[in-house]
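K.L.:
Need coordinates for the following:
(one chain, ligands or ions: 2)
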Amino acid sequence: MALTKMTSTIIFTHTSSSSPSSSTSRLICFNNTKLQKLQKLTISHYRRSNPVPISISSRGFSTTIITHCSSSSSTTATQVNNETSANVIDGKRVAKDIREEIAVEITRMKEAIGIVPGLAVILVGDRKDSATYVRNKKKACDSVGINSYEVRLAESSTEEEVINHISKFNDDASVHGILVQLPLPSHMDEQNVLNAVCIEKDVDGFHPLNIGRLAMRGREPLFVPCTPKGCIELLHRYDIPIKGKRAVVIGRSNIVGMPAALLLQREDATVSIVHSRTKNPEEIVRQADIIISAVGQPNMVRGSWVKPGAVLIDVGINPVEDQGSPRGYRLVGDICYEEASKVASAITPVPGGVGPMTIAMLLSNTLLSAKRIHNFR
Ligand SMILES: NC(=O)C1=CN([C@@H]2O[C@H](COP(=O)(O)OP(=O)(O)OC[C@H]3O[C@@H](n4cnc5c(N)ncnc54)[C@H](OP(=O)(O)O)[C@@H]3O)[C@@H](O)[C@H]2O)C=CC1
Ligand SMILES: Nc1nc(=O)c2c([nH]1)NC[C@@H]1CN(c3ccc(C(=O)N[C@@H](CCC(=O)O)C(=O)O)cc3)C=[N+]21
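P.N.:
Ligands and ions are numbered 1, 2, ... in the order given. Prediction:
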């Protein structure tokens, strides 16, 4: 069933040309006094002279929409007052800004020392989604001037073959980052494979040494995992304060939830982790000023789970059937956007939120690696 498309007003908040980092603009919702009092979200345009556009979704009208937040097959038509809602945290736009920044740095490095960063990607098997991600990563590399190398192996290949390819890339001076696309076929031991990536080229940040350092006070990982790094970068670029806030991470996977919680803690948030065995998830989530959800359950987090004014970062990428869309499905997050965006002060959309940031952070880590290996500042 068609979803009524919400219109958006794009507001460019001001920036000061002399000092973008100190330029701030107060952004308030126009027609929800409760939120006006609660959020008073200050948006500044961190490290960029370009303003980040803040989308204020449909204001001041009332309409009937079909909420797709019900996990049961029966979707419910709900009369929703489309009074103002959260600011949209535009990951697609921020990722584009970051790619532009990276491209400038890559040109500078090439001109100064003749080095071009290289990223090697190993894809095992023929999962369609993995093939799409790898294609997107290659496109992103091309767009900023990173050389990309790709190895595609059959589903039936052995762990040893994968590790042999990793070893070659470890020894290849033109490669500064190595990414093994996950998930691997079930007959392979993920740990053995990931441990084979030399830590200096572990741009995914999945090596236990990198994760271990991330967890320890006073230690610095060589690389921070891309998706959690992208979440924090979004908060920073929108000047959303983290220090002293209550944060809840939903999900505790090695690649997203756990490192996201560690990063938030490093940023001085007070962090709780909710997982599949958590007894009272709603109650815990409702206490959060910042929610990062990485579960893989479409629309699990309902509006009633969200504290008014909270900031919501939705990592979940969940395909749900949609005959109206060309692919026969569409992507939704873990958070019920229609409901939660009416309660939160800011929210990432899916698609267009964390996903593009993950790829931007991969490029950023690859550049970082090349700079470190060649001692270029
Ligand atoms: N946007 C992006 O760039 C990326 C998006 N993703 C997406 O993020 C989502 C999570 O990915 P990933 O971390 O790899 O997934 P995993 O399946 O590895 O982990 C899911 C986590 O969610 C927890 N969980 C599952 N069900 C519930 C529940 N009902 N209530 C509370 N917690 C629950 C699990 O708990 P337990 O530990 O107890 O099993 C687990 O910790 C997926 O949709 C994935 O596609 C992933 C990577 C990048
Ligand atoms: N070694 C490894 N590193 C990863 O970082 C890794 C991985 N394996 N395996 C799979 C997950 C998933 N992941 C995504 C990256 C980008 C989008 C992304 O760009 N999504 C777009 C939508 C894309 C679409 O429309 O299909 C968006 O959210 O706007 C999504 C998901 C990285 N992962």
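K.L.:
ok, which stretches of the protein are helices?
P.N.:
Taking DSSP state H to define them, one finds helices in the chain at 33-39, 91-113, 128-144, 159-171, 190-195, 208-215, 226-237, 257-266, 281-285, 337-340, 354-373.
K.L.:
Make TSV out of those and add distance to residue 243, mean pLDDT and mean neighbour count.
P.N.:
For glycine as for every other residue, the C-beta is placed from the backbone atoms N, C-alpha and C. TSV is the format used below for these (distance: least, C-beta to C-beta, whole Å; pLDDT from 0 to 100; neighbours: other C-beta atoms under 10 Å):
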stretch	distance to residue 243	mean pLDDT	mean neighbour count
helix 33-39	17	32	15
helix 91-113	21	98	17
helix 128-144	31	96	16
helix 159-171	38	98	17
helix 190-195	32	96	16
helix 208-215	18	95	17
helix 226-237	11	98	24
helix 257-266	10	98	23
helix 281-285	20	98	17
helix 337-340	24	98	24
helix 354-373	21	98	24
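K.L.:
Please render those helices as TSV that adds distance to residue 331 to the earlier fields.
P.N.:
Compiled in TSV, these are given as follows (distance: least, C-beta to C-beta, whole Å):
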stretch	distance to residue 331
helix 33-39	27
helix 91-113	13
helix 128-144	10
helix 159-171	29
helix 190-195	25
helix 208-215	28
helix 226-237	15
helix 257-266	19
helix 281-285	22
helix 337-340	11
helix 354-373	8
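K.L.:
Out of those, which gets nearest to ligand 2?
P.N.:
helix 354-373 (2.2 Å; C-beta to the nearest ligand atom).
K.L.:
Compute the inter-axis angle for the closest one and helix 128-144.
P.N.:
Per axes from the mean of the first three to the mean of the last three C-alpha atoms, to 10 degrees, the angle that helix 354-373 makes with helix 128-144 is 50 degrees.
K.L.:
what about helix 354-373, distance to the chain center?
P.N.:
13 Å (C-alpha atoms, centre = their mean, to the nearest Å).
K.L.:
for the closest residue to ligand 2 within the stretch 151-300 of the chain, what are its contacts?
P.N.:
Across the stretch 151-300 of the chain, the shortest distance to ligand 2 (C-beta to the nearest ligand atom) belongs to residue 182, at 3.7 Å. Residues in contact with residue 182 (C-beta atoms under 8 Å, 6 or more residues apart in numbering) are 190, 255.
K.L.:
do the same with residue 249
P.N.:
Residue 249 touches 257, 260-261, 264, 271-274, 291-294, counting by C-beta under 8 Å, 6+ apart.
K.L.:
Need the pLDDT of residue 6.
P.N.:
According to the prediction, residue 6 has pLDDT 34.
K.L.:
Next, the residue of the stretch 151-300 of the chain closest to ligand 2: phi, psi?
P.N.:
Main-chain torsions, residue 182, degrees, to the nearest 10: phi -110, psi 150.
K.L.:
Can you tell me how far it is from residue 230?
P.N.:
Distance from residue 182 to residue 230, counting by C-beta to C-beta, to the nearest Å: 16 Å.
K.L.:
cool, and residue 115?
P.N.:
Residue 115 is 25 Å from residue 230, by C-beta to C-beta.
K.L.:
and if you look at residue 271?
P.N.:
Taking C-beta to C-beta, one finds residue 271 at 18 Å from residue 230.
K.L.:
repeat for residue 177
P.N.:
With C-beta to C-beta as the criterion, residue 177 and residue 230 are 16 Å apart.
K.L.:
swap in residue 248?
P.N.:
Distance, residue 248 to residue 230, using C-beta to C-beta: 18 Å.
K.L.:
again, but for residue 323
P.N.:
32 Å.
K.L.:
before we move on, what about residue 104?
P.N.:
20 Å.
K.L.:
what sits against residue 312?
P.N.:
86, 291, 293, 301, 306, 335, 340, 344, 346-348.
K.L.:
what's the closest residue to residue 243 other than its chain neighbours sitting at in phi/psi?
P.N.:
Sequence neighbours aside, residue 268 is the residue nearest to residue 243 in space, at 4.2 Å (criterion: C-beta to C-beta, 6 or more residues apart in numbering). The phi and psi values for residue 268, taken as degrees, to the nearest 10, are phi 70, psi 30.
K.L.:
And the pLDDT at residue 268?
P.N.:
Looking at residue 268, the pLDDT reads 98.
K.L.:
How is this protein partitioned into domains?
P.N.:
8-88, 116-223, 226-357 (automatic domain parsing).
K.L.:
Give me whichever of the ones you listed is most buried.
P.N.:
With neighbours taken as mean count of other C-beta atoms under 10 Å, those reach their highest mean count in domain 226-357, at a mean of 21.
K.L.:
what about that domain and ligand 1, any contact?
P.N.:
Yes - taking C-beta under 6 Å from any ligand atom as the criterion, domain 226-357 and ligand 1 are in contact, through 227, 250-253, 255-257, 274-278, 281, 294-297, 315-318, 354-355.
K.L.:
and the stretch 101-250 of the chain, which of its residues are near ligand 2?
P.N.:
Within the stretch 101-250 of the chain, the positions near ligand 2 by C-beta under 6 Å from any ligand atom are 132-133, 136, 179-182, 204, 226-227.
K.L.:
Grab the two from these that are most spread out in space.
P.N.:
Farthest pair in these (C-beta to C-beta) is 132 and 204. Separation: 17.5 Å.
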